[in-house]
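Visitor: this one's sequence-less:
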């Protein structure tokens, strides 16, 4: 059972962000690029990797659809065709809480391959 439950989820296509309000008052605004490169899918997460595989070139990615999965998650369908991986409420909440750290590390990793 999830510790965190959303009360509202809104996609803002122009700014390419997903806004999520949780029942504890936390409000998250997460860029689509961030959600795409930190997807919980096996394609990105691998199997037992210490950090997600590096996914690049997703600066302009957007979300085409948000599909509910029971009472515990959503499936995000991205306009680049990626549609695997379920964003359960606790995972989505943690992505928001760890945004600054995750994004900084992602940018460092991208800089290393440039």
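Guide: Happy to help now that I have it. Treat the numbers as computed from the prediction; the structure is a model and nothing was measured. Numbering: from 1, shown residues only.
Visitor: report pLDDT for residue 49.
Guide: Listed pLDDT for residue 49 reads 78.
Visitor: what helix or strand does the residue nearest the centre of the chain sit in?
Guide: Taking C-alpha atoms, centre = their mean, the centroid of the chain lies closest to residue 35, which sits 2.4 Å from it. Using DSSP states H and E, residue 35 sits within helix 32-37.
Visitor: does anything pack onto that helix? Which helices or strands?
Guide: Helix 32-37 is packed against strand 17-22, strand 73-78, helix 99-113, with contacts defined by 3 or more C-beta pairs under 8 Å, 6 or more residues apart in numbering; DSSP states H and E. Placement of C-beta: from N, CA and C, glycine included.
Visitor: figure out which of these is closest to residue 1.
Guide: strand 73-78 (12.4 Å; C-beta to C-beta).
Visitor: buried sites along the closest one?
Guide: For strand 73-78, the neighbour count (16 or more other C-beta atoms under 10 Å) marks 73-74, 76, 78 as buried.
Visitor: please apply the same query to stretch 29-46.
Guide: 30-41, 44.
Visitor: ok, which pair from the residues you listed is furthest apart?
Guide: Using C-beta to C-beta, the pair of these lying farthest apart is 31 and 41, separated by 17.6 Å.
Visitor: between the buried residues of strand 73-78, which is nearest residue 86?
Guide: Closest approach to residue 86 among these (C-beta to C-beta): residue 73, at 4.3 Å.
Visitor: wait, that closest one sits on residue 86?
Guide: Yes - counting by C-beta atoms under 8 Å, residue 73 touches residue 86, with 4.3 Å between them.
Visitor: residues touching the worst-scoring helix or strand of the chain on mean pLDDT, excluding its own?
Guide: Within the chain, confidence by mean pLDDT, DSSP states H and E is lowest for helix 42-45 among all helices and strands, at a mean of 86. Residues outside helix 42-45 that contact it (C-beta atoms under 8 Å, 6 or more residues apart in numbering) are 37-39, 52-53, 55, 82, 84-85.
Visitor: 7 Å instead?
Guide: With contact meaning C-beta atoms under 7 Å, 6 or more residues apart in numbering, helix 42-45 is reached by 52-53, 55, 84-85.
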